[in-house]
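In: A predicted structure for the sequence below; I have some questions about it.
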Amino acid sequence: MENKIAISANRLTRRFGKFTAVDHVSFEIPYGSIFGFLGANGSGKSTTIKMLCGILAPSDGTGTVAGFDVKTQPESIKQAIGYISQKFSLYGDLTIIENLMFFGRIYGLDGAPLQQRIDEVLVMTGLDKYLNKQAEFLSGGWKQKLAIANGILHKPKILFLDEPTAGIDPLSRKMIWEILTGLASQGTALFITTHYMEEAQRCDQLAFICDGKILKVGTPLSYKEIAPTLEEAFALLESKGQADAKH
Amino acid sequence: MRNIKAVAIKEVIHILRDRRTLMMVIFMPIMQVMIYGFGINTDVKHLRTYVYDQDRTYLSRRLVAAFEHSDYFSIKAQSNDIHSVRYAIDKGKAQAGLVIPPNFSVDVLKHKTTQVQLLIDGTDSTPANVAMNSSQAIVSNFMQQEKLIAVGVMPIDFRPRLWYNPDLKSTFFMLPGLIALVLHLIVPMVTANAIVREKEHGNIEQLLVTPIKPYELIIGKILPYIVVGMIIATSIILAIHFMFQVPIRGSLIDLFFLTLVYLIVCLGIGLWASTIAQNQQQASQIVMFFAMPSILLSGFIFPRETMPVWVHHLGYLLPMTYFLKIVRGIILKGMTAFDLMSQIWPLLLMAAGVIIFSINRFSKRMD
């Protein structure tokens, strides 16, 4: 990997009519690190993810994902990334195997290599006992593990996770984070949004976004310089940001 | 190609797992054939008839027998007074009443004009019409047979002949049309639902971030429904031929090929509905909204010739109008694709138009 940077955003902006959903955000995420993207609902998190995944064109600014330009090479980006959303969006009436076979084929895998890779991700996520169960009959935690298994099927070096642990029991969350840190230690870049502070603590870098603007990017430790806890740090940043906006 | 195949395989699993749709696809065609074949029969025969024969002679009984033997009338009762005949018609027990005056045979044999009355319940115009026309034929036939009129040289020997459906069986006319109707009812609905389901369940969100292209998704999803549609069409053709003895006079290859064209139009309608609808219920409503005029204005039940001119022209916008002429033409008349050219090209145009339009619309919505 000659380029150590997995994701870079440079003054990335998206406007919907007069409303600016994402306002000149910039950051760089190296391979092998977990980037936590935090902010209130409607602060521009999902719009940023959509631009980086190549499904929403930026109005302004530039960005590269896996070395591909988000404006001109969205198709190459799609092949290079994995995406896991908060809402279960695989096929409920298909079994685990059938879901993985389908998405695997869409990513260009087939035959024995696909079968082998499916076995790998099933063992990795502990789903191997449920092989032929229809996805809709899985519990929330297992559904999310299936979504992760599906997201990493084609061995993407970059993974986007939009609130992957929302509404999941603590034990499953712990297991999911073990999978995620394992992936990061193998060199995958993870871009993750969450509302859980203990999860934010485990990220290598944290970006805090408010009203489309990134107020701070830094290690969890660097937030401690602002306030004793992350929540308090965010609250302070937010009030400071709003005060700045008024001037 | 690989992506299209992957989607098609997945869609087949969806279809096989979705019991409700599967039941509809299997049983609705058979049910419709049974309903139209056994139930809806517009052939007017065996009208319930009461007879008030005041003559009671050999000749009057022969006239009654002539009515009975025609198969159009079925004598249910002999009445002794005119009131009971009227009462039976009023109550709906009888659809017709035959009144033969006293002195019928005496007058007839004297070559004196006599009056025979047929009372007909005219509430439903179809049987009433049949009763009127057939009774006139029966009586004039009777007069000839009994030599009550001079048999001279007829100036015009007029002999109408019915082609294609000599017995005027309405099942022959209705049943081939079912291929058009059932495909129009089922195919757009299941296609629209299959696509809208992906939206409803959030699957589109996941597909958007995969390398699949919108057209690959659409074609992959549609392909299995082409097979479903052809299975439906085949089961109807088999059912009407073997259960109701509808002859298939034309080429099956022509029939299948043109059914395929019509099927593509139906799929296109479903696809188009799916680009408007937000959920499966809306999709079903949109599809039904367009199915209704097709049933009524295409000539499936009511002949288009009797419609006001503007309604008649409206019928030209409906794919079913053309396809009805095609299936009836091939099945009943043995027409070839070449004979039916004027019906085929509008269908081809519609198929191409609706598919291109819908795929474009769908792609734009996905972006």
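Out: The structure has been received and is ready for your questions. Since the model is a prediction, treat every value here as computed from it, not as a measurement. Residues are numbered from 1 along each chain as shown, chains lettered A, B, ... in the order given.

In: flag every residue of chain B that's near chain A.
Out: Residues of chain B found near chain A (C-beta under 8 Å from any C-beta of the partner chain) are B:2-3, B:5-7, B:9-10, B:13-14, B:17-18, B:201-212. Any C-beta I mention is one placed from the backbone N, CA and C, and that applies to glycine too.

In: count the residues that sit near residue B:105.
Out: Residues lying near residue B:105 (other C-beta atoms under 10 Å in any protein chain shown) number 19.

In: and for the one 4 residues further on?
Out: For residue B:109, the number of neighbouring residues by other C-beta under 10 Å comes to 13.

In: ok, the closest residue to it other than its chain neighbours - contacts?
Out: Nearest non-adjacent residue to residue B:109, counting by C-beta to C-beta, 6 or more residues apart in numbering or on different chains: residue B:59, 7.7 Å away. Applying C-beta atoms under 8 Å, 6 or more residues apart in numbering or on different chains to residue B:59 gives the contacts B:104, B:105, B:108, B:109, B:146.

In: 7 Å instead?
Out: Going by C-beta atoms under 7 Å, 6 or more residues apart in numbering or on different chains, residue B:59 touches B:104, B:105, B:108.

In: want to try a markdown table for these, with pLDDT and secondary structure as columns?
Out: Below are those laid out as a markdown table (pLDDT from 0 to 100; DSSP: H, G, I helix; E, B strand; the rest coil):
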| residue | pLDDT | secondary structure |
| --- | --- | --- |
| B:104 | 89 | helix |
| B:105 | 89 | helix |
| B:108 | 85 | helix |
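
In: with respect to residue B:272, which of the residues you listed is nearest?
Out: Closest to residue B:272 out of the contacts of residue B:59 is residue B:104 (67.3 Å), distances taken as C-beta to C-beta.

In: which residue ranges form the helices in chain A?
Out: Using DSSP state H, the helices of chain A run over A:45-52, A:74-80, A:96-106, A:111-125, A:140-151, A:170-185, A:197-200, A:220-224, A:230-246.

In: now do the stretch 151-300 of chain B
Out: Assigned by DSSP state H, counting those that start in this stretch, the stretch 151-300 of chain B shows helices spanning B:170-200, B:203-208, B:214-242, B:252-276, B:280-297.

In: deepest of those, which one?
Out: helix B:170-200 (a mean of 23; mean count of other C-beta atoms under 10 Å in any protein chain shown).

In: could you list the low-pLDDT ranges of the chain?
Out: The chain I'm using is chain A. Applying pLDDT under 70 to chain A picks out residues A:1-3, A:247.

In: actually chain B
Out: Along chain B, segments meeting pLDDT under 70 span B:41-43, B:150-154, B:365-367.

In: what do you get if the cut-off is 80, keeping everything else the same?
Out: For chain B, the stretches with pLDDT under 80 are B:39-44, B:146-160, B:162, B:165-170, B:363-367.

In: thinking again about what came up before, dump the helices of the stretch 151-300 of chain B into TSV; add distance to residue A:100 as well.
Out: Listed next are the helices of the stretch 151-300 of chain B as TSV, based on distance: least, C-beta to C-beta, whole Å:
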stretch	distance to residue A:100
helix B:170-200	18
helix B:203-208	13
helix B:214-242	17
helix B:252-276	26
helix B:280-297	26
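
In: now the helix or strand hosting residue B:83: how far from the chain's centre is it?
Out: Assigning secondary structure by DSSP states H and E places residue B:83 in helix B:82-91. Centre-to-centre, helix B:82-91 and its host chain are 35 Å apart (C-alpha atoms, centre = their mean, to the nearest Å).

In: now that helix: buried residues?
Out: For helix B:82-91, a neighbour-count test (16 or more other C-beta atoms under 10 Å in any protein chain shown) marks B:84, B:85, B:86, B:88, B:89 as buried.

In: what ranges do the strands span in the stretch 1-150 of chain B?
Out: Using DSSP state E, counting those that start in this stretch, the strands found in the stretch 1-150 of chain B span residues B:47-53, B:73-78, B:96-100, B:117-120.

In: got the contact list for the first one?
Out: This means strand B:47-53. If you take C-beta under 7 Å, 6+ apart as the criterion, strand B:47-53 is touched by B:60, B:64, B:67, B:72-79, B:81-82, B:85, B:88, B:93-100, B:127, B:131.

In: now stretch B:69-86
Out: B:45-53, B:64, B:67-68, B:94, B:96-97, B:99, B:119, B:130-131, B:134, B:138.

In: PyMOL command for the buried members of the residues you listed?
Out: If you want just the buried ones from these in PyMOL, going by 16+ other C-beta under 10 Å, the selection is:
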select buried, chain B and resi 47+48+49+50+51+52+53+64+67+68+94+96+97+99+119+130+131+134+138
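
In: so what touches stretch A:49-60?
Out: Here stretch A:49-60 has contacts from A:7, A:11-15, A:22, A:47, A:63, A:65, A:70-71, A:74, A:77-78, A:81, A:83, A:160, A:162, B:208-209, using C-beta under 7 Å, 6+ apart.

In: go again with 6 Å.
Out: A:12-15, A:65, A:70, A:74, A:77-78, A:83, A:160, A:162, B:208-209 (C-beta atoms under 6 Å, 6 or more residues apart in numbering or on different chains).

In: using ChimeraX, define a selection of the buried residues within those residues.
Out: Paste this into ChimeraX to select the buried members of the contacts of stretch A:49-60, with burial taken from 16+ other C-beta under 10 Å:
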select /A:12,13,14,65,70,74,77,78,83,160,162 /B:208,209
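
In: filter the contacts of stretch A:49-60 down to the ones in strands?
Out: Members of the contacts of stretch A:49-60 lying in strands (criterion: DSSP state E): A:12, A:13, A:14, A:15, A:65, A:83, A:160, A:162.

In: list just the nearest of those residues to chain B.
Out: Here the nearest of the ones in strands among the contacts of stretch A:49-60 to chain B, counting by C-beta to the nearest C-beta, is residue A:83; it sits at 4.0 Å.

In: ok, now which ones touch that closest one?
Out: A:53, A:160, B:209.

In: now tabulate those in TSV and tack on distance to residue B:339.
Out: Shown next, in TSV, are those (distance: C-beta to C-beta, whole Å):
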residue	distance to residue B:339
A:53	55
A:160	60
B:209	52
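
In: nearest to residue B:29 among those?
Out: residue B:209 (39.5 Å).

In: how about the nearest residue to the closest one, chain neighbours excluded?
Out: In space, not counting the residues next to it along the chain, residue B:209 is nearest to residue A:83; the distance is 4.0 Å by C-beta to C-beta, 6+ apart.

In: got it, and residue A:107?
Out: Leaving aside its sequence neighbours, residue A:107 sits nearest to residue A:154 (C-beta to C-beta, 6+ apart; 3.7 Å).

In: test my guess that the one you found contacts residue A:106.
Out: No. The pair residue A:154 and residue A:106 fails to qualify as a contact (C-beta atoms under 6 Å) at a distance of 8.8 Å.

In: higher neighbour count, those two?
Out: For residue A:154 and residue A:106, the more surrounded residue by other C-beta under 10 Å is residue A:106, and the numbers stand at 25 against 21.

In: from memory the more buried one sits against residue B:210, does it?
Out: Yes. Assessed by C-beta under 6 Å, residue A:106 is found in contact with residue B:210 at 4.8 Å.

In: tell me, what's touching those two both at once?
Out: Common neighbours of residue A:106 and residue B:210 (C-beta under 6 Å, 6+ apart) do not exist.

In: measure the residue nearest to the spatial centre of chain B to residue B:353 for me?
Out: The centroid of chain B falls nearest to residue B:174 when counting by C-alpha atoms, centre = their mean (3.1 Å). Distance, residue B:174 to residue B:353, by C-beta to C-beta, to the nearest Å: 29 Å.

In: what's the answer for residue A:72, then?
Out: From residue A:72 to residue B:353 the distance is 33 Å (C-beta to C-beta).

In: also residue B:7?
Out: Counting by C-beta to C-beta, the gap from residue B:7 to residue B:353 is 24 Å.

In: those two: who's more crowded?
Out: Per other C-beta under 10 Å, whichever of residue B:7 and residue B:353 has more neighbours is residue B:7, with 24 against 12.
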